[in-house]
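In: can't give you the sequence, but here's the structure:
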């Protein structure tokens, strides 16, 4: 008669499977988890067993669940008479131009659910610069092959994606996220206002005044502030506001749908796939 410290499921210790599933579901590092258990003198599985259980049990279950959930979302989109309204955004697995993976995500704006996720490896497209466009194209082809009519797409100001939609999707309205339009010029305007000693704190949340001490009047008189009527101020404001690309893009700003929910989703993904760690393809996709 043998005695086991835990129940078995198909000759696999159930506790080991639950430990692997818990690590994947919480987004914590296996190495840190093992170190913590070791400090507590708790016997745990080694890394080989963890990777084996992840490959044959945890990852397939996660992927199958995602496909089932995605199918329900796409089925509802296909039945929509007005057409799908999607917001799209891409992210890379590391900062700079050395990314190995690029992920492009489409969010269904009608129910705030993820419609599709495309993971692209940089060696497939000849470099990390092309990851976002390739992910966008694959997601569009996948959705169209499923029979979904795309009415509107809201994205950032990525020039390659804008050109692709203009040339290949004439029936689809392309709109830009308002924040991506604003932030491209906001910093320049703030710098000019600082140089002009004109700072407004309306709608800035917790920021109601400058962090520095008040400047005495006699010091302010000695400082050579740029005046509002200064040609430098006027010329730079005109250059910022009348920029051809900016004027053109403002006309395509989305007045209703934005990518803020998608940005929040990408921030959440960082908990499960931080940019400081490397993963293999399936590991990255399931995370």
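Out: Okay, I see it. Please read these numbers as outputs of a predicted model, since none were measured by experiment.
In: pLDDT averaged over stretch 256-269, what's the number?
Out: The average pLDDT within stretch 256-269 is 81.
In: now do stretch 165-179
Out: 87.
In: ok, the closest residue to residue 112 other than its chain neighbours to residue 7 distance?
Out: Among residues not flanking residue 112 along the chain, residue 261 sits closest, at 5.7 Å (C-beta to C-beta, 6 or more residues apart in numbering). For glycine as for every other residue, the C-beta is placed from the backbone atoms N, C-alpha and C. Going from residue 261 to residue 7 by C-beta to C-beta, to the nearest Å gives 41 Å.
In: list the helices and strands the top helix by length along the chain packs on?
Out: Ranked by residue count under DSSP state H, the longest helix found in the chain is helix 59-78. Secondary-structure packing of helix 59-78 (3 or more C-beta pairs under 8 Å, 6 or more residues apart in numbering; DSSP states H and E): strand 101-108, strand 113-121, helix 281-286.
In: give the buried residues for it.
Out: 59, 62, 70, 73-74, 76-77 (16 or more other C-beta atoms under 10 Å).
In: give me the three-state assignment for residue 151.
Out: With DSSP: H, G, I helix; E, B strand; the rest coil as the basis, residue 151 sits in strand.
In: go ahead and confirm it touches residue 175.
Out: No: with contact defined as C-beta atoms under 8 Å, residue 151 does not reach residue 175; the gap is 10.8 Å.
In: tell me which of these two has more neighbours.
Out: residue 175 (19 against 14; other C-beta atoms under 10 Å).
In: coming back round to it: deepest of the helices and strands packed on helix 59-78, which one?
Out: strand 101-108 (a mean of 24; mean count of other C-beta atoms under 10 Å).
In: and it with strand 113-121, angle?
Out: If you take axes from the mean of the first three to the mean of the last three C-alpha atoms, to 10 degrees, strand 101-108 sits at 160 degrees to strand 113-121.
In: strands paired with strand 101-108, and their directions?
Out: Under the criterion DSSP bridges, strand 101-108 sits next to strand 84-92 (antiparallel), strand 113-121 (antiparallel) in its sheet.
In: okay, angle between the last one and helix 59-78 too, please.
Out: In terms of direction (the same axes, to 10 degrees), strand 113-121 departs from helix 59-78 by 130 degrees.
In: use 255 as the first number for this chain going forward.
Out: All set: I'll call the first residue 255, so the last point we hit is now strand 367-375.
In: need the contact partners of strand 367-375.
Out: Strand 367-375 is contacted by residues 320, 324, 327-328, 331, 338, 340, 354-362, 385, 388-390, 392-393, 396-397, 519, 535, 538-539 when judged by C-beta atoms under 8 Å, 6 or more residues apart in numbering.
In: for whichever helix or strand comes after it, packing partners?
Out: Per DSSP states H and E, the first helix or strand lying C-terminal to strand 367-375 is helix 376-379. Where contact means 3+ C-beta pairs under 8 Å, 6+ apart, helix 376-379 is packed against helix 385-399.
In: can you pull the contacts of residue 330?
Out: Here residue 330 is in contact with 362, 365 (C-beta under 8 Å, 6+ apart).
In: how about low-confidence regions in the stretch 405-541 of the chain?
Out: Residues of the stretch 405-541 of the chain meeting the criterion pLDDT under 70: 434-466, 474-475, 477-484, 486-488, 490-492, 494-495, 501, 503-504, 509.
In: helices along that one, start to end?
Out: Under the criterion DSSP state H, counting those that start in this stretch, the stretch 405-541 of the chain contains helices at 413-422, 432-449, 471-476, 485-495, 498-504, 514-526, 535-540.
In: what comes into contact with the first one?
Out: It stands for helix 413-422. 342, 384, 386-387, 390-391, 407, 409, 426, 428.
In: sorry, back to before: nearest to residue 269, of the helices and strands packed on helix 313-332?
Out: The closest of the helices and strands packed on helix 313-332 to residue 269 is helix 535-540. By C-beta to C-beta, the value is 21.4 Å.
In: identify all contacting residues around that closest one.
Out: Here helix 535-540 makes contact (C-beta under 8 Å, 6+ apart) with 278, 308-309, 312-313, 316-317, 320, 347, 355, 357, 371, 373, 375, 527.
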